[in-house]
Every structure is written in structure tokens, then in C-alpha cells.
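Chemist: take this sequence and fold it.
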Amino acid sequence: MYRCSECGAEHPKWSGRCDACGDWNTLDEQASTARPSLAPVAPLELGGGTAVPITEVASDSASLESTGLGELDRVLGGGLAPGSVTLLGGEPGVGKSTLVLQMLAAQASQGSQCLYVTGEESASQVAARAARLDALDERIMLVSENSLPRVLGTLEADPPALCVIDSIQTLTDPSTESAPGSVTQVRDCAHRIVGAAKALGVTVVIVGHVTKEGALAGPRVLEHVVDTVLQLEGDRHGELRVLRAVKHRFGSTQEIGLFSMASGGLESVSDPSALFLSDRRAGLPGSVVVPAMEGQRPLLVEVQALVNQRQMAYPKRSVQGLDGGRLELLMAVLQRHEELKVMDMDVYAMVAGGVKVTEPGADLGICAAVVSSHYKRGCPEQFVLCGEVGLGGELRRVNRIEQRLAEAARHGFTTAVVPKSAPASHPGIEVMRVPTLDAAMAVLDLY
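Modeler: Have a look, this model is predicted:
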């Protein structure tokens, strides 16, 4: 038989595409096991539970417990819910094990009993990392185990307040006839861990691997059965790490957490705008500052663009931290309404610092960076740009513009170029409202 590595669907013969999930080249051959004959099914006994009005049901809102890490609490909406199961994914070397170990140390310092189940590293390796991170605490119990029944037995014998399993792909269930890390093993182990967490009231954090495309490895059911899915992103050779909530049953998924990787572990970034603008050279052609929004948090980021003569038969586009399709759209608007011949030129665009900005509020900043690079004229030093660009060249208002302007004023910027529908004034910063992209370029004096 053939089983899909993404969704776990079974197929009698191999094909290039899974009929269940639609992914290509995911069917792996596995030995089929003889299934026992099914006993006659007894008649169903009808009559279930009594339905009651939803207004009469007592609300069981779980009180969140702080993890001890400010940026992690921000993403989780205040902390972890007791008895919840959280899945943490990320590329190798990004800092997943470091993050969970620091979280365990913070919980242990508050008097909580914790358990660290390591399946990828030996106990001595984890202890050495804990010593380097100053996370040694006698309330952190450490066990190196790959057998799921033994892990569940450890949880039942002395239930901790917080348990970390690193990682789900290393656990094996002897009752499941499948290789470790396979779809069947990961699915069955996840179901049993979630059931044990709910029954014992233990908060569990599971570390998961990712595929080469950056998605969580294993069946999609792994993300469905857990309460929260967190994704830790960042360049392993850089210092910035971004934590996002892909799924969160106890709060919003719009917040992000920012960490800086240092020799002593992950450190929370309290002022990300200052970090992103620390190496900025004011007045550089092709560089503008944009107040972007990530959840409820405003961030000042530097958008850079480089326009160059075409070197090959087709113009080259290179984008980092921005939406490539959005860049093509804005270039078409510039060529049509601003008569800027950039469609036949090589264009490189990026957000400095490693953060991703995909919201439409950065449209005006991207256009200004492209025009600035094309004419080799720097934008005014103390200006910030914010606004969505329509296909007709008009500027449209974006959400939470007051918070964006307040963040810009806090960092010393004196002037903001915004759409005409934005507020006429804001404390601490001069607001210049313009109706069109052409008017914004005239205010910036880029032509």
C-alpha cells in the first residue's frame, strides 16, 4: 500500500498526486498489515445527551499562566492555558530547544515542577545547554526517552505543571507498526499525548520538525489536534528571531514576538523599531522608513529598493521580506501613472533587519524607494511614508494609522506622508495628507 506523507491517506497503488490533499510526490510505499476480521456491529442505542441553551452553559474560560518570557506571552495572549497542548515548529538551528529550555527555567523559578523529555539529544547534552543558558534548576526533571508508553507513564506517576517533548518525530508507539517519524506514528503519538494532557491537566509543549518548504512535518492532523501552533522563524546565521502563532484557540493569531539570539540564549526585544533602524543611513537613495503593523504592535522598518539596468534577456526581480506579486503590481502603477520605465529594468527590494512586511500599508514606501533609487535622489531624512496604493494611482487609508504615527513620533521623525483620508494632525509629528501617488512623489521631491 502507499500512504501520503502529508495527510496520511492510503492508496492501493502509486500515483504522482495524492487524491486526498492534492500534494505531489508524497506517496510512500509501506508494508500492508493484515487487518483482523470485524465482529458484527451491535445495533446503535439512540438517545444522547440533553441539549441546553447556550446561554445556560457556564463559561469555562481558562486562566492563562505566564511563561516568564515577555515576548512569548505576547504571542500567546498572556501565557499558556493549563492542560493545553502547544506545537512549536521551526527550521533546524533556529532556537526551538533554546526557547523551550528558557521557558522551563522561567517556570521552575516560579516554583512549578517541570519535565523535559528529550528524544534527539542525550541528557548530558541538554544539561550542558542548560548550564550555558543559566537554566539549571532542580525543579526541572530531565528524561531521555523515545518510547511513548514510558513517557506517558512518567507523566502519570508524577504529573508536572509543564512538560516539553523534544521532539514528536522521535517518539514511537510499539503498538503501531510503523517506522519512527512516519505519518502513522506522529499521528497516533499526538492523539495519545493530547488525551493524556487533557486527562491529567498537564500543559504540554511539543517541538516539531519542518519540511524543506518550511511547513510543519507530519500529517495535517497534527496541527488540528493541538490547541496552539507556534512558528519560530529567522536566519540561523543572524540574531533576529520572529515567533508567530499560526493557530491559537485561546486568543488572537495576529501578534508576533521578537527575540535576539545572544550567547546567553534568546533575549526579548523590547524596542524592535530601534533594532531595525540601528544601521540605517539617512538620505540614502532607495531607502525609506515605513510604519508597519504586526498585530497590535507598530514597527518602524526600513524598505530598500535598487533599480538597475537589465543585464539579461528578461528583467530580474528579487524580493526579501515583501510580497513579490505586490511589487510587480506597484511597478505597473508607477509605469502607467508616473511614466517611470521600470518594467524593463532589474528591481531588487527588501526589508532590512529580516522582518517580513506584506500588508498594503507599505505600498507608498515601496513606490518611493523604487523612484528614489531610479533617480538617485534620497528621501528626506525625518520622513515616514504610510498608505495603500490603488491601481489608479490613488492613495488609500490603512488601519491603525494613529498608532503608526505615534511610533514614528516617539523615534524622532517629524513628518509623515499619508493618504488624504487620514487624520489631519497628530501630536508630535507633522501630517502631510496627499490624494495620489504623484502628489506624494512631489512632496518628497524625488523627480
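
Chemist: only the buried residues of the strand of greatest length in the chain, if you could.
Modeler: Ranked by number of residues, the top strand in the chain under DSSP state E is strand 297-308. By 16 or more other C-beta atoms under 10 Å, the buried positions in strand 297-308 come out as 297, 298, 299, 300, 301, 302, 303, 304, 305, 306, 307. All C-beta spots, glycine's among them, are computed from the backbone N, C-alpha and C.

Chemist: the third one and residue 445, how far apart?
Modeler: Read that as residue 299. 26 Å (C-beta to C-beta, to the nearest Å).

Chemist: repeat for the second one
Modeler: With distances defined as C-beta to C-beta, the gap from residue 298 to residue 445 amounts to 26 Å.

Chemist: name the helix or strand for residue 73, please.
Modeler: Residue 73 is part of helix 70-76 when elements are defined by DSSP states H and E.

Chemist: buried sites along that helix?
Modeler: 71, 72, 73, 74, 75, 76.

Chemist: quick check: the second one touching residue 103?
Modeler: So that's residue 72. Yes. Residue 72 is within contact range of residue 103, at 6.7 Å (criterion: C-beta atoms under 8 Å).

Chemist: quick check, pLDDT for residue 218.
Modeler: In this model, residue 218 is scored at 62, pLDDT.

Chemist: can you check residue 376 too?
Modeler: 93.

Chemist: got the contact list for it?
Modeler: Residue 376 is in contact with residue 285, counting by C-beta atoms under 8 Å, 6 or more residues apart in numbering.

Chemist: again with the one 4 residues further on
Modeler: In this structure, residue 380 makes contact with 415, 444, 445, judged by C-beta under 8 Å, 6+ apart.

Chemist: 7 Å instead, please
Modeler: The contact partners of residue 380, taken as C-beta atoms under 7 Å, 6 or more residues apart in numbering, are residue 444.

Chemist: which SS state does residue 282 fall under?
Modeler: Secondary structure assignment for residue 282 (DSSP: H, G, I helix; E, B strand; the rest coil): coil.

Chemist: what number of residues lie near it?
Modeler: 12 (other C-beta atoms under 10 Å).

Chemist: now the residue lying closest to it once chain neighbours are set aside: which helix or strand?
Modeler: Excluding its sequence neighbours, the residue lying closest to residue 282 (C-beta to C-beta, 6 or more residues apart in numbering) is residue 381, at 4.1 Å. Following DSSP H and E, there is no helix or strand that holds residue 381.

Chemist: so residue 381 versus residue 283, what's the distance?
Modeler: For residue 381, the distance to residue 283 equals 5 Å [C-beta to C-beta].

Chemist: please apply the same query to residue 304.
Modeler: Taking C-beta to C-beta, one finds residue 304 at 13 Å from residue 283.

Chemist: what touches both of the two?
Modeler: With contacts defined as C-beta under 7 Å, 6+ apart, no residue is shared by residue 304 and residue 283.

Chemist: just the helices in the stretch 151-300 of the chain please.
Modeler: Secondary structure of the stretch 151-300 of the chain by DSSP state H, counting those that start in this stretch: the helices cover 183-200, 221-225, 272-276.

Chemist: so where's the stretch 201-350 of the chain uncertain?
Modeler: Scanning the stretch 201-350 of the chain for pLDDT under 70 picks out the ranges 211-219, 236.

Chemist: distance between the ends of stretch 137-157?
Modeler: Its start and end residues considered, stretch 137-157 measures 21 Å (C-alpha to C-alpha, to the nearest Å).

Chemist: in that stretch, which residues are buried?
Modeler: 139, 140, 141, 145, 148, 151, 152, 154, 155.

Chemist: surely the fourth one and residue 155 touch.
Modeler: Think residue 145. No. The criterion here is C-beta atoms under 7 Å, and residue 145 misses it with residue 155 at 11.1 Å.

Chemist: overlap in contacts, the two.
Modeler: Shared contacts of residue 145 and residue 155, defined by C-beta under 7 Å, 6+ apart, are absent.

Chemist: surely residue 409 and residue 425 touch.
Modeler: No. In this structure residue 409 lies outside contact range of residue 425 using C-beta under 7 Å: 11.5 Å.

Chemist: which one's more surrounded, the two?
Modeler: residue 409 (18 against 10).

Chemist: and the gap between residue 206 and residue 190?
Modeler: Distance from residue 206 to residue 190, by C-beta to C-beta: 7 Å.
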